[in-house]
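# Turn this into a model:
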Amino acid sequence: MKNRPRPVAGDIMKAPVIAVSFETPVREAADILSSNGISGALVTGRNGEAVGVVSLFDIVSFLAGLDRPPGAPGGFYEYVYPDFEEDGGLWEAPVRPPDEKPVAETPVGDIMATSIISVPSGAELEEVAALMVRKHVHRVFVRQQGEPVGVLSSMDVLRAFPRGPARGARRRGGGPKAAVRRAAGARR
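Below is the predicted model:
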């Protein structure tokens, strides 16, 4: 069998890197991710420098009000109290909702992850996969001379490994279906 060089991050990365400005509204970022068929993008600052990452998970969590402190953009937990007169008498003014932008107009800079996980273009895929597992991420950026030049998703890494059933599945007798039958039988 011929010895092939092992692929590295730079061999399978997707380029160019799709990025959005930290000022991009959530609605526009969601549209950019969707139209490009990706689940996350690099976020850039005023001078084009990488400042974070925004993913569909970040957007959905934000829109659902998850992990958001009371009073944060979105107003889901905003409490509004009327003003009372000093003597405790009648209301001074009607109850007013808080002044804020619509949720979809919130800039991605408010919801992005600020850590950018990257690997050098020469990183071996086993290292990349181990990093993704350790950091619980589905994408890493590939860098050359400190700058992001590409991106690798967990699916890109999986596609790069040889195809075919796992060797251990055959030895244990029958592959994935047999494993499911064995697991089901163990519960009886």
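# All the helices of the protein, in order from the start?
Ranges of helices within the chain are 9-12, 26-36, 56-64, 125-135, 154-160, 167-171, 175-187, based on DSSP state H.
# just the ones you listed: most buried one?
helix 9-12 (a mean of 19; mean count of other C-beta atoms under 10 Å). All C-beta spots, glycine's among them, are computed from the backbone N, C-alpha and C.
# Run through the residues that contact the closest residue in space to Val137 that isn't next to it in sequence.
Excluding the flanking residues, the one nearest Val137 by C-beta to C-beta, 6 or more residues apart in numbering is Ile117, at 5.6 Å. Shown in contact with Ile117 (C-beta atoms under 8 Å, 6 or more residues apart in numbering): Val53, Leu131, Lys135, Val137, Arg139, Val140, Phe141.
# Please apply the same query to Val151.
Here Val151 is in contact with Met13, Lys14, Ala15, Val17, Ile18, Leu42, Arg139, Val140, Phe141, Val142 (C-beta under 8 Å, 6+ apart).
# Kindly recompute the last result at 10 Å.
By C-beta atoms under 10 Å, 6 or more residues apart in numbering, the residues touching Val151 are 9, 13-19, 38, 40-42, 53, 118, 139-142.
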